[in-house]
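1. What would the 3D arrangement of this be:
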Amino acid sequence: MQHYKPHSGSTFEGYYSKFRMPSGAHLALIICSVPGAKERPHNITFTYVPEDVTKCFQREVFVDKIDMFNGEGDVAFEQHWKGGYVKVYNDNKTEYRIDHLEDEGFSFTGTTTSHTPWMPDMDTPEGALVYLPLPLHWHVHSVASDCEFEMKINNYDLPEEDKKGVASVHQEKNWANSFPSAHHWVQARDGDRGICIAGGEILGMEAYLLGYHASDPKYNMTFRPPYAVKAAGIAPFMSVNHSWDTRTFELSLQSFTQKIVVTARAPIGQFFTLSSPFPDGHRLNFLAESFRATINVKVYHAGVLGPWEFVHEDNFENGSLEFGAGYYPPAGKEERFY
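-> The predicted model follows:
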């Protein structure tokens, strides 16, 4: 919980909740603030994405302010703005109370009833790195929480099962004193299996954080720098390939005894756009995200000085794949779907 709380001295801070709805659609809720920005500093984004992404409902609400502060008693912290609030409790429960029905055409209430940490023995992707003054931090609060919800969208054909029920939500946040020049995000969850990756380029380096919940838990693994980093063009334990043209991202990470290769690909035409935080404020259409990615994970083991041996594989459908800033050539254009 410590790392999920607000970091008041940060240049920007963003909270992201991705809900898998009963119908198979997804809902992305973003609460993001760039306190020192002069234009669009505070953003509430609500994006409901059915199977056909061109029929998604999206509102980016740029509010006058977002108050984030530590709570009292059972409440760990709160976020308030004109139109809603989020409360997170010390027992990891989250309450969402959002009512923009009259001004923006949507409302959402939800309460989580469970919590799944990053790893059974690790509550944050960065490990001890989270305590260092790094330019950018990433924390995953829960990789899967049940959430009892109720949702309304005006003048929209919302499936009955997505009006009220139980969704599964992935919860994370970023905070930083610098802004990434390019970034990727990959996420998928199916039962107890899951994969989550975040990373990109910042201050001349390229680095990634990875967490993998395998279908066989003995192959669970995490990676972070110094293995998952490229500095001065040197990356002895990592290789990255990405292509916006083919909507493909591939990451290979290894230590001396284990290796993981993740390939994520989403269909062209299944990406929607979002604003991204920068020093001057939120820039419109500076990242693209798809919830229709196919993700393949392969695991290899090796003995001392021995060859790599393929030992395990998982595949995920309807995962998330994101291209941002420098990895997203259409950044800043007006089109909404790619």
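
2. ranges for the helices of the chain?
-> Per DSSP state H, the chain carries no helices over any range.

3. quick check: domain ranges of it?
-> As given by automatic domain parsing, the domain ranges for the chain are 1-178, 179-338.

4. Centre of the chain to the first one, how far?
-> In this view, domain 1-178 has its centroid 10 Å away from the chain centroid, taken as CA atoms, centre = their mean, to the nearest Å.

5. How about stretch 173-192?
-> 5 Å.

6. Okay, buried residues for that stretch please.
-> Burial within stretch 173-192, assessed by neighbour count using 16 or more other CB atoms under 10 Å, is assigned to 173-176, 179-180, 182-190. Every C-beta, even on glycine, is put in place using the N, C-alpha and C of the backbone.

7. From the residues you listed, which one has the minimum pLDDT?
-> Among the buried residues of stretch 173-192, F179 carries the weakest pLDDT, at 86.

8. Next up, the contacts around the nearest residue to that one once chain neighbours are set aside.
-> Once flanking residues are discounted, F179 sits nearest to F278: 5.7 Å by CB to CB, 6 or more residues apart in numbering. Applying CB atoms under 8 Å, 6 or more residues apart in numbering to F278 gives the contacts 34, 37, 179, 286.

9. Out of those residues, grab the one that's most surrounded.
-> Within these, neighbour counts (other CB atoms under 10 Å) peak at V34, which reaches 23 neighbours.

10. just to revisit the earlier point, any idea what the residue nearest to F179 is bridged to?
-> Beta bridges link F278 to G281, judged by DSSP bridges.

11. ok, G281 touching P35?
-> No. Applying CB atoms under 8 Å, one finds G281 not in contact with P35, separated by 10.6 Å.

12. which of those two has more neighbours?
-> Shown here are G281 and P35; by other CB under 10 Å, G281 has more neighbours (19 against 15).

13. what about that one, distance to G36?
-> Distance of G281 to G36, computed by CB to CB, to the nearest Å: 9 Å.

14. what do you get for M221?
-> 38 Å.

15. ok, now V299?
-> On the measure of CB to CB, V299 and G36 end up 43 Å apart.

16. Over to F62?
-> Remark: distance between F62 and G36 (CB to CB) = 15 Å.

17. okay, these two: which has more neighbours?
-> Taking other CB under 10 Å, F62 and G36 do not tie; F62 has more neighbours (15 against 11).

18. which one is the more buried one nearest to, not counting chain neighbours?
-> For F62, ignoring the flanking residues on the chain, the nearest one in space by CB to CB, 6+ apart is R40 at 4.7 Å.

19. Could I get the phi/psi values of that neighbour?
-> With angles defined as degrees, to the nearest 10, R40 sits at phi 50, psi 60.

20. Report how many residues lie close to it.
-> Neighbourhood size, R40 [other CB under 10 Å]: 18.

21. M1 too?
-> M1 has 13 nearby residues by other CB under 10 Å.

22. What are the buried residues along stretch 76-83?
-> So for stretch 76-83, counting by 16+ other CB under 10 Å, buried means 76-79, 81, 83.
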